[in-house]
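*Asks:* sequence and predicted structure, then a few things I'm wondering about:
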Amino acid sequence: MIHRIGDIEIDTHKMAVRKSGVPIRLTARPYALLEYLMANRERIVTKEEIFDAVWDGRVVTDAAISTAVRDIRKAMGESSAKSGLIRTVYGRGFRFVVPDLREALATSGGNAQPLDAAQPSTVAVLPFQVHSSDPQIEHLANGFADDVISKVSKFGLIRMLSRNASFLLADARLSFSELSKQLGAGYILEGNVRQSGAKIRLSVQLVDARDEMHVWASSYDIAPYELNDSQDRTTTSVATSAITMIYETEAKHARLKEFGDLSPWECYCCAYESLCTMNSRLHSDAVTMLTRALEMEPKFAAAHATLAYVLCMNRQHEHHSAGPPVNGRMTQSRQRARELAQEAISIEPRLPFAWTALARCHAGMGEMNFALTACEKSLDLNPLLGWTHALKGMILFQLNRAEEALSAFDCALDTSPQDSLRLTITGGKSCALLLLNRFEEAIELSRMAQMLPNAGLLAFMGEIACLGHLGRLDEAADALKRLKVAEPDASILLYENDFPMPDPEARRVIFGGLQAAGA
């Protein structure tokens with residue numbers, strides 16, 4: 001088999017090496033080392049692995065590897081170990097550097113394009129450091145970093161540097177600001193893996209490279225016997241947490257500027273922050289920011305999609321006296337929302353949130369089967385999008401498919417551990433439990449939802465309807481008073497306008513319980 005990487009060509013059948021078409025003479029051990037490092041070029045290879053693979057486990061000194069590396073560099077005509085094909089990672093091992101990237105950095109003087117606040121943020125994930133002599137821990141650390149890169153990339157807006165680009169400069173021991181300049185990355189995600197008793201501990205930090213300040217950090221303990229499932233959950237949490245914190249940090253930087261000086265990206269981050277508060281009073285701010293972003297950049301697909309979602313939630317654009325928008329009736333703002341979601345899809349059909357926004361539009365109009373189809377399309381593109389799982393849970397609950405709804409809400413919690421969706425998840429689960437006649441559990445979850453910031457109608461629905469069914473009218477009256485304080489305009493009509501209930505049995509259980517409670 002012939003492997004071609006950059007200007008290097010390795011013919012494993014003939015054990016031959018060519019550089020830019022010119023044959024390179026290597027003896028057996030240096031050739032075997034080069035082939036092994038090339039085959040494992042996505043990671044750092046330890047000395048112990050090299051001894052096993054190249055020297056068949058024979059006991060030799062470190063000098064044997066050094067000699068083989070020196071022979072390779074000499075044969076390749078490399079004058080500097082720092083810019084050569086094989087890099088020494090002190091204390092850890094060796095790594096094959098992809099020639100195209102090495103030469104590109106050398107040509108540019110190591111400087112990428114300067115950071116541009118008008119463009120979406122770029123993240124560089126550094127190789128996770130290993131604090132253990134166990135080679136399995138190093139293998140696990142590489143897996144963690146790869147998973148995080150892959151998962152962040154699925155969201156379609158935050159830009160991820162390739163693994164080779166960020167790993168290449170990790171060995172140079174540069175400051176975060178220097179790494180940022182070299183890589184053109186606004187954020188650096190770093191981590192370390194260590195043995196902690198019987199468990200493996202992963203610690204991660206997200207750094208804003210502009211001021212070298214940590215904006216988020218967390219630690220995760222993983223038991224070896226549940227490694228596969230825990231690794232998936234852990235890296236999902238890291239990816240989604242990092243994305244959320246990037247939006248929040250970008251919004252904080254943007255709000256220090258005058259409105260007229262904001263770029264489309266900065267407007268988008270401010271709008272996303274307002275949306276995540278779940279505070280309907282701030283949704284008008286999001287509309288303003290997203291409208292401004294689209295005035296400056298009409299083809300900004302994510303802004304189209306997010307504006308569509310906000311319009312479906314923004315009650316100031318609705319006229320509740322007209323009744324719920326079902327059976328073909330829809331308000332002007334929801335019609336505009338659907339057009340915006342469709343425009344986002346036409347601009348960027350593989351943007352997951354564009355399909356989520358379209359699902360929200362269909363759900364708001366009572367078109368639940370279309371809404372579910374759009375949710376599935378979104379999750380095909382990004383199975384980690386908590387917004388979509390939470391919306392899917394609400395749709396399934398409205399269709400009286402309560403068990404499926406609970407599963408979707410659990411997926412939402414796993415994929416979006418931040419507070420922004422907990423209100424929808426907890427309140428929605430409470431209503432799904434109500435449909436299953438699990439009243440006490442529903443009441444408990446509803447009361448938990450009420451303790452979250454900006455708790456409104458959805459947070460109280462489960463408790464009030466359950467108390468109505470149970471005939472506990474004094475408690476129901478107290479819950480209704482608390483709801484009026486939290487959301488003065490709350491009513492059954494308001495709820496049905498937000499969440500149409502096309503299933504007759506679900507309507508009977510929900511609204512019958514509310515009416516019995518005195519709503």
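*Replies:* That came through fine.
*Asks:* so Asp221 sits in a strand?
*Replies:* Yes - secondary structure of Asp221 (DSSP: H, G, I helix; E, B strand; the rest coil): part of a strand.
*Asks:* let me see the mean pLDDT of stretch 381-398.
*Replies:* The average pLDDT for stretch 381-398 rounds to 94.
*Asks:* buried set for it?
*Replies:* 381-382, 384-398 (16 or more other Cβ atoms under 10 Å). (C-beta placed from N, C-alpha, C; glycine too.)
*Asks:* with stretch 129-144 instead?
*Replies:* Val130, Ile137, Glu138, Leu140, Ala141, Asn142, Gly143, Phe144.
*Asks:* wait, the last one sits on Phe128?
*Replies:* By that I understand Phe144. Yes - taking contacts as Cβ atoms under 8 Å, Phe144 lies within contact range of Phe128: 5.5 Å.
*Asks:* Glu9 is in what secondary structure piece?
*Replies:* strand 8-11 (DSSP states H and E).
*Asks:* what helices or strands is the helix of greatest length in the chain leaning on?
*Replies:* Secondary structure assigned by DSSP state H gives helix 227-254 as the longest helix of the chain. Contacts defined by 3 or more Cβ pairs under 8 Å, 6 or more residues apart in numbering; DSSP states H and E place helix 227-254 against helix 135-153, strand 187-196, strand 199-208, strand 213-222, helix 264-276, helix 402-415.
*Asks:* most tightly surrounded among these?
*Replies:* Most buried of those, by mean neighbour count (mean count of other Cβ atoms under 10 Å): helix 264-276, with a mean of 24.
*Asks:* what angle do that helix and helix 227-254 make?
*Replies:* Note on geometry: by axes from the mean of the first three to the mean of the last three Cα atoms, to 10 degrees, helix 264-276 and helix 227-254 are set 110 degrees apart in direction.
*Asks:* who's in contact with helix 264-276?
*Replies:* The contact list for helix 264-276, computed with Cβ atoms under 8 Å, 6 or more residues apart in numbering, reads 117-121, 244, 247-248, 250-251, 253-255, 257, 262, 282-283, 285-287, 289-290, 292-294, 296-297, 300, 302-303, 306-307, 309-310, 313, 418, 420.
*Asks:* which of those residues fall within helices?
*Replies:* 244, 247-248, 250-251, 253-254, 283, 285-287, 289-290, 292-294, 296, 302-303, 306-307, 309-310, 313.
*Asks:* just to revisit the earlier point, with mean pLDDT as extra columns, can I get the helices and strands packed on helix 227-254 in TSV?
*Replies:* Shown next, in TSV, are the helices and strands packed on helix 227-254 (pLDDT from 0 to 100):
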stretch	mean pLDDT
helix 135-153	83
strand 187-196	87
strand 199-208	90
strand 213-222	90
helix 264-276	90
helix 402-415	94
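*Asks:* now render the ones you listed as TSV, adding distance to Leu85.
*Replies:* Compiled in TSV, those are given as follows (distance: least, Cβ to Cβ, whole Å):
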stretch	distance to Leu85
helix 135-153	20
strand 187-196	26
strand 199-208	30
strand 213-222	35
helix 264-276	38
helix 402-415	40
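*Asks:* go through these and name the closest to Thr240.
*Replies:* helix 402-415 (6.0 Å; Cβ to Cβ).
*Asks:* and the contacts of the closest one?
*Replies:* Taking Cβ under 8 Å, 6+ apart as the rule, helix 402-415 contacts 233, 236, 240, 383-387, 389-390, 392-394, 396-397, 421-422, 424-425, 428-429, 432-433, 435-436.
*Asks:* so which elements touch the helix or strand following it?
*Replies:* Next helix or strand after helix 402-415 toward the C-terminus (DSSP H and E): helix 422-435. Helix 422-435 sits against helix 386-398, helix 402-415, helix 439-450, helix 457-470, helix 504-516, with contacts defined as 3+ Cβ pairs under 8 Å, 6+ apart.
*Asks:* what residues does helix 422-435 touch?
*Replies:* Under Cβ under 8 Å, 6+ apart, the answer for helix 422-435 is 278, 390, 393-394, 396-397, 400, 402, 405-406, 409, 412-413, 439, 441-443, 445-446, 448-449, 452-455, 458-459, 461-463, 465-466, 469, 506, 509-510, 513.
*Asks:* show the average pLDDT along stretch 488-506.
*Replies:* 80.
*Asks:* please state the offset of that stretch from the chain centre?
*Replies:* Distance, stretch centre to chain centre, for stretch 488-506: 31 Å (Cα atoms, centre = their mean, to the nearest Å).
*Asks:* which parts of that stretch are buried?
*Replies:* For stretch 488-506, the neighbour count (16+ other Cβ under 10 Å) marks Ala490, Leu494, Tyr495, Glu496, Asn497, Asp498, Phe499, Pro500, Met501, Asp503, Ala506 as buried.
*Asks:* kindly export that stretch (C-alpha atoms) in CSV.
*Replies:* Taking Å, rounded to 0.1, in the frame of the first residue of the first chain, the C-alpha atoms of stretch 488-506 are listed here in CSV:
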residue,chain,number,x,y,z
PRO,A,488,-49.8,38.0,35.6
ASP,A,489,-51.3,37.3,32.2
ALA,A,490,-51.3,33.5,32.6
SER,A,491,-54.5,31.7,31.4
ILE,A,492,-55.5,28.5,29.7
LEU,A,493,-55.8,30.4,26.4
LEU,A,494,-52.3,31.6,26.8
TYR,A,495,-51.0,28.1,27.4
GLU,A,496,-52.9,26.7,24.4
ASN,A,497,-51.6,29.5,22.2
ASP,A,498,-48.0,28.5,23.2
PHE,A,499,-48.6,24.8,23.1
PRO,A,500,-51.6,23.6,21.0
MET,A,501,-53.0,20.3,22.2
PRO,A,502,-54.4,18.4,19.2
ASP,A,503,-54.9,15.1,21.1
PRO,A,504,-58.4,15.1,22.8
GLU,A,505,-57.4,12.9,25.7
ALA,A,506,-54.3,15.1,26.5
